[in-house]
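Chemist: coords please:
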Amino acid sequence: MNQSAWIFPGQGSQNVGMGHDIFHKTDIGKKYFEEAQKIMNYDIKSIIFNGPEDKLRKTEFTQPAIYIVSVALGKLLISRDISPVAVAGHSLGEYSALTIAGGINFLDGLKLVKLRSESMAKSGKIRKGTMAAIIGLDDDIIELICRSYRGSGCVNPANYNSPKQVVISGSSDAVIWAMRQAKESGARIVKELNVSGAFHSNLMKPTTEELAEAINSLEISNLKCPLFTNVDAKPKIKGIDIKKTLIDQVVNPVLWSQSISSMKQRGINNFLEIGPGRVLCGLNKRIDKSIKCLSIDSLSKLEKVFV
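Modeler: Modelled structure (predicted):
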């Protein structure tokens, strides 16, 4: 799996205890956890290792936590002379991907993720909304349903996770209305998600404004390998091109299915999911059954794959 694209998970992949082995058994893991601890204004290490789960699940804690674990695992692989041919990340995971590809350093990335997570949590409280998963309908039908809403709120596709598996996001009334329409249109499963905000919708607009200032003041280097970005599923190398996609990402859908298909069209068939959980490998198999994907979520898994 040396000639692999590396993919990085987003919010929802977290679990209490993740990264425990890389912190206690590797110098690299210890280094990144301790660097993170210095710039966070709370004990992030304790939350990651000890929870409780309901605290770790909160947006403002889980995004930095996943970023720290994902980057530390990626850096461990790089220390063994293993590197990706391309990278991508699901929502938050795009920051892990950008760091591993050399666009930003670990601490600058963590500062951005901290700002992003806190701002998204705040936006979720001020501009309340929800999200829902719809399984069993074609993308164009879901898009038509969202466009057909005529109420005062908003609803739009938020994540194109795999064929016939789309998450929608927006104002609560609008999402509930769209859920009814999806059921009537023949969706197999329609389920409201337990989230703290309407992520990847216009309700997150205040976050883009906060992020834009921070991202535009930061220098993003040209990458060592292409990053397939969430907003357009196209490969980017130049730092200047990536800035806008990071800002736009918060209010635009994650084109995950399209990103994986775009990589496949360019001859990439092997993937490593770097970080907690195995969600992305599962999605990739639904996108294209011929894809090979391995999950690296712990030191033991890393050592089993790369002896």
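
Chemist: Just say helix, strand or coil for the closest residue to residue 162 other than its chain neighbours.
Modeler: Distance criterion Cβ to Cβ, 6 or more residues apart in numbering; nearest residue to residue 162, sequence neighbours excluded, is residue 286 at 3.8 Å. The way it works is simple: take the backbone N, C-alpha and C, and place the C-beta from them, glycine included. Three-state call for residue 286 (DSSP: H, G, I helix; E, B strand; the rest coil): helix.

Chemist: looking at it, residue 286 is touching residue 163, isn't it?
Modeler: Yes. The criterion here is Cβ atoms under 8 Å, and residue 286 meets it with residue 163 at 6.6 Å.

Chemist: What's the separation between the residue lying closest to residue 173 once chain neighbours are set aside and residue 276?
Modeler: Distances taken as Cβ to Cβ, 6+ apart place residue 153 nearest to residue 173, at 5.4 Å, with adjacent residues excluded. Applying Cβ to Cβ, to the nearest Å, the value for residue 153 to residue 276 is 33 Å.

Chemist: if you count what's nearby, which of these two comes out ahead?
Modeler: residue 276 (24 against 19; other Cβ atoms under 10 Å).

Chemist: and that one, that one's in a helix?
Modeler: No. Residue 276 is assigned coil when assessed by three-state DSSP, not a helix.

Chemist: who are the neighbours in contact with it?
Modeler: 9, 13, 14, 15, 18, 19, 66, 69, 70, 297 (Cβ atoms under 8 Å, 6 or more residues apart in numbering).

Chemist: Report pLDDT for residue 2.
Modeler: Note on residue 2: pLDDT of 60.

Chemist: Domain boundaries for the chain, per the record?
Modeler: Split into domains by automatic domain parsing, the chain comes to 5-125+202-305, 129-192.

Chemist: can you list those in JSON lines and add mean pLDDT?
Modeler: Shown next, in JSON lines, are those (pLDDT from 0 to 100):
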{"stretch": "domain 5-125+202-305", "mean pLDDT": "96"}
{"stretch": "domain 129-192", "mean pLDDT": "97"}
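
Chemist: still on that earlier bit, so which helix or strand takes in the residue nearest to residue 173?
Modeler: Per DSSP states H and E: residue 153 is located in neither a helix nor a strand.

Chemist: backbone phi and psi for it, please?
Modeler: phi -90, psi -150 (degrees, to the nearest 10).

Chemist: Relative to residue 207, how far out is it?
Modeler: 18 Å.

Chemist: just residue 116 next, same as before
Modeler: 7 Å.
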